[in-house]
Structure formats: structure tokens, C-alpha cells
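Asks: got a predicted structure plus its sequence, pasted below:
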Amino acid sequence: MKKLFEFLLITVCLILFFSGGCKKHREHTPEVTLKLAHSLDVTHPVHKGMVYMAQKVWEKSDGRME
């Protein structure tokens, strides 16, 4: 029984390992959303920096991150 369990565990791990790296899977990953917060005015440099960073993240990730 123990050998069967080990065999099944190794088989499942190998299936998960090899299926996780395929290109088709990576193309269909959901978007990633980063959330930042502050309590400053929208004219504050920190807010403007966050807006700038959001634009750059969007551009560099080809729209996959926001």
C-alpha cells in the first residue's frame, strides 16, 4: 500500500511540474493586480509617483499587470 501511495504521489507531482511550465498555460494566466494605498492628496508627489509607476508596470508587462 505504501509503495502505491508513493507512486501516485510522485506521478501527480511530475504531472503538476511539467504542466506548469508550458507556453500555452503562461499565455492564459490571469492578470496580476498590484494595489497601493495612501492618504495623501492627488497633487502630492507620492501619488503622482504611484500613477507613473502604474503606467510603467502596464507598459513593461504588456498589459498583464496593472
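Replies: Received the coordinates, thanks.

Asks: which stretches of this structure have low pLDDT?
Replies: Along the chain, the model assigns pLDDT under 70 to residues 18-30.

Asks: bridged to the residue nearest to the spatial centre of the chain, which residues?
Replies: Nearest to the mean C-alpha position of the chain, counting by Cα atoms, centre = their mean, stands Val32 at 4.9 Å. According to DSSP bridges, the partner residues bridging Val32 are Met65.

Asks: residues contacting it?
Replies: Val32 sits next to 61, 64-66 when contact means Cβ atoms under 8 Å, 6 or more residues apart in numbering. In short, each C-beta sits where N, CA and C put it, glycine included.

Asks: let's see it at 10 Å
Replies: For Val32, the contacting residues are 57, 61, 64-66, by Cβ atoms under 10 Å, 6 or more residues apart in numbering.

Asks: same list (those residues) but as TSV, adding neighbour count and distance to Lys48.
Replies: Below are the contacts of Val32 laid out as TSV (neighbours: other Cβ atoms under 10 Å; distance: Cβ to Cβ, whole Å):
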residue	neighbour count	distance to Lys48
Val57	15	15
Ser61	12	21
Arg64	14	24
Met65	14	20
Glu66	12	18
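
Asks: between these, which is closest to His44?
Replies: Taking Cβ to Cβ as the measure, His44 lies nearest Val57 of these, at 19.7 Å.

Asks: tell me which other helices or strands the helix or strand where the closest one lies touches.
Replies: Val57 belongs to helix 45-60 when assigned by DSSP states H and E. Applying 3 or more Cβ pairs under 10 Å, 6 or more residues apart in numbering; DSSP states H and E, one finds that helix 45-60 contacts no other helix or strand.

Asks: what about that helix, distance to the chain center?
Replies: How far helix 45-60 lies from its chain's middle: 18 Å, per Cα atoms, centre = their mean, to the nearest Å.
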